[in-house]
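Participant: no sequence for this one, just the structure:
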């Protein structure tokens, strides 16, 4: 339960009307009841607001709140940013009881910070350090000699390997895996893949070969305020750790390969895959389904549109799209040209039919 006055203060927003009006939740305008805060941040929600039963709402600037019959209104100059603060206020997080659940299996030398909460069936290996205020939900496993900073929130089913170092404020969604082995194999002799690379696809004949594992001894290092989505995976490095910088947010089903270095405040959306030993700069945004080749560098502030594939280094500040990735404005022209190809072929065929044929060439 929150008053309009308290919500506005938390959001740094202005309100008008009854500041003591209390709401119990938030809802879409057309579905809002009398105790809900209707989320109507642009004029397109006017009809929904009139159809619903809300008595309080978050509105766009200069909206006539009294015309909607409201008791109070909060005004949002930047709606999505306001949504961040509002949802934080209304989200209680998972129900993880204080202390250590009796079904948890914790090694004797584990260090737990003040106020850490450990849920049912959690398994924590030898030498692990858990920071103050960390909350670890059911069925999480944490490998030996891993360190997790204060105020972590680790949802059910997360798997964290050995020798992982995580900063403050981690949020790991269900079934994320941090610190699994990297996908790294080698053959005793030159492999067909190596020959194909050297010959640009003209692979030489090679003898029968088998793959030998290269083990992952480098672990993972994650900075402060990092979020990792459901079923995302961050592989351990071979010798040095795979790393993720402060403030980076990783969506569901993202794969970060071994020895990858991801910078600060990056945004990796669903189904992004980054192959081994690639370096990603700061504030890089990769939209869904981007694929990044191994052993390349992506510069600071690069933005990659959805499903972009990158095979070579990308200078800082570029905005790329396509397969392979090119400047976004060029890719738009390429897409337009592709759509015109059927018509162009028809025009060429028509022109060919109009040209008289030379009898001597028949």
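Facilitator: Thanks, I have it. All figures in this text were calculated on a predicted structure; none of them were measured in a lab.

Participant: mind checking which helix or strand of this protein has the lowest mean pLDDT?
Facilitator: helix 192-198 (a mean of 81; mean pLDDT, DSSP states H and E).

Participant: next helix or strand past that one?
Facilitator: For helix 192-198, the succeeding helix or strand toward the C-terminus, using DSSP states H and E, is strand 212-213.

Participant: Tell me the strands beside that next one, with direction?
Facilitator: Strand pairing for strand 212-213, using DSSP bridges, gives strand 185-186 (antiparallel).

Participant: So for the strand it pairs with, mean pLDDT?
Facilitator: Per-residue pLDDT over strand 185-186 has a mean of 92.

Participant: Which residues outside that strand are in contact with it?
Facilitator: For strand 185-186, the surrounding residues in contact (C-beta atoms under 8 Å, 6 or more residues apart in numbering) are 211-214. For glycine as for every other residue, the C-beta is placed from the backbone atoms N, C-alpha and C.

Participant: and with 10 Å instead?
Facilitator: Identification of contacts with strand 185-186 by C-beta atoms under 10 Å, 6 or more residues apart in numbering yields 191, 194, 210-214.

Participant: Quote the end-to-end distance of stretch 70-88.
Facilitator: Using C-alpha to C-alpha, to the nearest Å, the end-to-end distance of stretch 70-88 comes to 24 Å.

Participant: same question for that stretch, mean pLDDT?
Facilitator: Average pLDDT, stretch 70-88: 90.

Participant: ditto for stretch 262-276
Facilitator: Across stretch 262-276, pLDDT averages out at 98.

Participant: Begin at 409, not 1, for the rest of this chat.
Facilitator: Happy to do that; since the first residue is 409 now, the last one works out to stretch 670-684.

Participant: Go through it and flag the buried ones.
Facilitator: By neighbour count on 16 or more other C-beta atoms under 10 Å, the buried set for stretch 670-684 is 670-684.

Participant: Check the offset of that stretch from the chain's centre.
Facilitator: 7 Å (C-alpha atoms, centre = their mean, to the nearest Å).

Participant: Then stretch 465-472?
Facilitator: Chain-centre distance of stretch 465-472: 31 Å, with C-alpha atoms, centre = their mean.

Participant: any idea which of the contacts of strand 593-594 is least confident?
Facilitator: Within the contacts of strand 593-594, lowest confidence goes to residue 602 (81).

Participant: what's the spacing between that one and residue 682?
Facilitator: Note on residue 602: its distance to residue 682, by C-beta to C-beta, to the nearest Å, is 22 Å.

Participant: Next: residue 476.
Facilitator: For residue 476, the distance to residue 682 equals 48 Å [C-beta to C-beta].

Participant: go on, residue 450?
Facilitator: Separation of residue 450 from residue 682 (C-beta to C-beta) stands at 36 Å.

Participant: hmm, back to that, quick one: the contacts of strand 593-594 as a markdown table, columns for distance to residue 519 and neighbour count too.
Facilitator: Shown next, in a markdown table, are the contacts of strand 593-594 (distance: C-beta to C-beta, whole Å; neighbours: other C-beta atoms under 10 Å):
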| residue | distance to residue 519 | neighbour count |
| --- | --- | --- |
| 599 | 45 | 17 |
| 602 | 46 | 15 |
| 618 | 43 | 8 |
| 619 | 39 | 10 |
| 620 | 38 | 10 |
| 621 | 33 | 11 |
| 622 | 32 | 15 |
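
Participant: Please identify which pair of these lies farthest apart.
Facilitator: Greatest spatial distance among the contacts of strand 593-594 (C-beta to C-beta): 602 and 621, at 17.3 Å.

Participant: Residue 491: helix or strand, and which one exactly?
Facilitator: Here residue 491 is assigned to helix 487-498, by DSSP H and E.

Participant: Could you list the residues in contact with that helix?
Facilitator: 410, 414-416, 418-421, 431-434, 445, 447-450, 466-469, 482-484, 486.

Participant: Show me which of these are buried.
Facilitator: In the contacts of helix 487-498, burial by neighbour count holds for 410, 415-416, 419, 421, 431, 434, 445, 447-449, 466-468, 482-484, counting by 16+ other C-beta under 10 Å.

Participant: From the residues you listed, which land in strands?
Facilitator: Using DSSP state E, the subset of the buried ones among the contacts of helix 487-498 located in strands is 410, 431, 434, 445, 447-448, 466-467, 482-483.
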